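**Q** predicted coordinates and the sequence they were generated for:
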Amino acid sequence: MIDYRPLRVAVLGAGSVGAQVADQLLTHRDELAARIGAGLELIGVAVRDLDAPRDTAIPRELLTTDAETLIVGADIVVELMGGLEPARTLILQALASGADVVTANKALLATHGPELFEAAAQVGAQLYYEAAVGGAIPIIRPLRDSLAGDRVQRILGIVNGTTNFILDRMDSHGESMEEALATATALGYAEADPTADVGGYDAAQKAAILASLAFHTLVPAEAVHREGITDITLEQVVAARKAGYVVKLLAICELLDDPVTGKPGVLARVHPALVPLAHPLAAVHGANNAIFVEAEAAGPLMFYGAGAGGIQTASAVLGDVVSAARRHVVGGPGVAESTHADLPVLPISAATTRYQISLTVADEPGVLATVAGILQQHGVSVETIQQAVSAPVGSGSVGEATLVIGTHEAVEADLAATVAALSSSSVVTAVTSVLRGEGL
Ligand code: NDP
Ligand code: HSE
């Protein structure tokens, strides 16, 4: 029986995600009411342009350009506008009025998270954000609740659907990055400014959110080492496949001992990496995401599914709306941030991983030994080395060879020094590619 008053829900934004959320709230009204024990009344949907085409039919009378007035008196405000402002101000206003807030806005959380959580705590309101990482995949609740009694050691995953889609299309269709990005944008995967995707900013924001939750430490987005995919070439993707790898944009958050101080810290990094074809991450296609969590007692766990897309993300948003609504009806504990561990956040130089370095060198006696010597001097151990003559020895000209060196695990700082030494060596014409390898 439903005898609780209807809960007033305001949705801010009716783009890829917001239009689907509004549609689900209207279409599944009765079922949601039965699950919650109270009806959800969609009181309005704020947009910039009342006449813009929408992915779903939202009754005209629900649309408004006045978000500030819409949120007054709402019980639950669902922020799906994206960007920092006016999203931040509107969320602060909603929280101050006692409304619970649901958001998918990782850029905002990674930038102003502490301020927003503090504002929520001040009035006992809740801020939910399951959709901010991994699209439809439940990953925030598992980290915050299910694993709250365990100790997470490492998170490794694909957390940006757009870049995974692009790299996958380059690999499987030989498409250019520009072509694949255009398709990802048309499918509603990309951010309003896709630089956030291809530049690795979106993945870094998600890594900051995951690392903060997993290690009970505030990790700001700026502290995440970030490299996007803009420098990845079709040639690198093709060469990787020939060698038995795929290129993926990975987010890695780990507990490490700082090689300088010996003390534990948190390192979060986002960068393209070679992943062996046999690794489960290599089979993550399209805009899907996959996140491995390694916890001390639970061991390895894998979370997989749609990482982007309007309707898929709406699932996670609606889950938060239902949680918030149930709390209105039956009470229960709220979600609280936990930053008690307060570990230092380490620089990328503390990372340890494997590398593949590709070079062009003069095809002359002694060159291989010189190159191997440079790696040895910097403490980087060679695991594999492949050589191919890339230009024939012509009349009077010295031939060129391509070397592809796979290393054993090495410390990032040593690798950086090695690459610098190789670049300035007289026997090296060019360092053509340096890629980290994960799951090797
Ligand atoms: P869109 O760009 O598709 O939609 C944004 C919506 O917000 C539009 O309806 C726009 O109005 C409205 N809007 C923007 N600024 C204002 C403003 N100042 N006042 C009123 N309305 C405004 O974004 P998405 O739906 O793709 O993303 C929404 C959020 O969800 C973002 O934070 C994004 O990072 C996150 N997210 C997105 C996913 C996806 O797959 N797309 C997945 C996971 C999270 P109008 O239409 O009139 O221009
Ligand atoms: N642009 C984001 C992505 C949306 O491609 O992953 C989901 O957060």
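**A** Looks like it arrived, so ask away. On a predicted model such as this, the values are computed, not experimentally measured, just so you know. Numbering: from 1, shown residues only. Ligands and ions are numbered 1, 2, ... in the order given.

**Q** quick check: buried residues in the helix or strand where Leu25 lies?
**A** Following DSSP states H and E, one finds Leu25 within helix 18-27. Residues of helix 18-27 classed as buried by neighbour count (16 or more other C-beta atoms under 10 Å): Gly18, Ala19, Gln20, Val21, Ala22, Asp23, Gln24, Leu25. Where you see a C-beta, it was placed from the backbone N, CA and C, and this is true even at glycine.

**Q** is it correct that the third one is in contact with Gly188?
**A** Spelled out, it's Gln20. No - under the criterion of C-beta atoms under 8 Å, Gln20 is not in contact with Gly188, lying 9.3 Å apart.

**Q** after the helix holding Leu25 comes which helix or strand?
**A** Next along from helix 18-27, by DSSP H and E: helix 29-36.

**Q** report the mean confidence score over that next one.
**A** On average, the pLDDT along helix 29-36 is 96.

**Q** look up how far ligand 1 lies from the residue nearest the centre of the chain.
**A** Nearest to the mean C-alpha position of the chain, counting by C-alpha atoms, centre = their mean, stands Ala203 at 2.9 Å. According to C-beta to the nearest ligand atom, to the nearest Å, Ala203 and ligand 1 sit 12 Å apart.

**Q** dump the residue contacts of that residue.
**A** Val159, Asn160, Thr163, Asp197, Arg226, Leu249, Ala251, Val270 (C-beta atoms under 8 Å, 6 or more residues apart in numbering).

**Q** one step back: tabulate the buried residues of helix 18-27 (CSV), appending distance to Ala121 and pLDDT.
**A** Listed next are the buried residues of helix 18-27 as CSV, based on distance: C-beta to C-beta, whole Å; pLDDT from 0 to 100:
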residue, distance to Ala121, pLDDT
Gly18, 26, 98
Ala19, 32, 98
Gln20, 30, 98
Val21, 25, 98
Ala22, 29, 98
Asp23, 32, 98
Gln24, 29, 98
Leu25, 27, 98
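
**Q** would you check how far apart Ala295 and ligand 1 are?
**A** Where ligand 1 is concerned, Ala295 sits at a distance of 25 Å (C-beta to the nearest ligand atom).

**Q** gap between Pro272 and Ile209?
**A** 21 Å (C-beta to C-beta, to the nearest Å).

**Q** helix, strand or coil for the residue of the stretch 301-440 of the chain found nearest ligand 2?
**A** Closest residue of the stretch 301-440 of the chain to ligand 2, C-beta to the nearest ligand atom: Ala308 (3.8 Å). Here Ala308 is recorded as coil under DSSP: H, G, I helix; E, B strand; the rest coil.

**Q** surely it meets Ala287?
**A** Yes - look at Ala308 against Ala287 with C-beta under 8 Å: they come within range, at 4.6 Å.

**Q** the two: which is more packed in?
**A** Ala308 (28 against 25; other C-beta atoms under 10 Å).

**Q** who touches the closest residue to the more buried one other than its chain neighbours in this structure?
**A** Sequence neighbours aside, Gly161 is the residue nearest to Ala308 in space, at 3.1 Å (criterion: C-beta to C-beta, 6 or more residues apart in numbering). Gly161 makes contact with Gly135, Ala184, Tyr189, Gly286, Ala287, Asn288, Asn289, Ala306, Gly307, Ala308, Gly309, according to C-beta under 8 Å, 6+ apart.

**Q** how much space separates Gly161 from ligand 1?
**A** Gly161 is 7 Å from ligand 1, by C-beta to the nearest ligand atom.

**Q** can you check Leu7 too?
**A** For Leu7 relative to ligand 1 (C-beta to the nearest ligand atom), the value is 22 Å.

**Q** equivalent analysis for Ala107, please.
**A** 6 Å.

**Q** could you grab the helix/strand/coil label for that residue?
**A** Ala107 ends up helix, using three-state DSSP.

**Q** just the buried positions in stretch 71-86, please.
**A** Applying 16+ other C-beta under 10 Å to stretch 71-86 flags Ile71, Ala74, Asp75, Ile76, Val77, Val78, Glu79, Leu80, Met81, Gly82 as buried.

**Q** let me know the closest of those residues to Ala278.
**A** Gly82 (37.1 Å; C-beta to C-beta).

**Q** need phi/psi at the residue in the chain that ligand 1 sits nearest to.
**A** Taking C-beta to the nearest ligand atom, ligand 1 has its nearest neighbour within the chain at Gly15, 1.8 Å off. Phi and psi for Gly15, reported as degrees, to the nearest 10, are phi -90, psi -140.

**Q** check contacts around it.
**A** By C-beta under 8 Å, 6+ apart, the residues touching Gly15 are Leu80, Met81, Gly82, Gly188, Gly310.

**Q** export those residues as JSON lines, with columns for pLDDT.
**A** JSON lines is the format used below for the contacts of Gly15 (pLDDT from 0 to 100):
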{"residue": "Leu80", "pLDDT": "98"}
{"residue": "Met81", "pLDDT": "98"}
{"residue": "Gly82", "pLDDT": "97"}
{"residue": "Gly188", "pLDDT": "93"}
{"residue": "Gly310", "pLDDT": "96"}
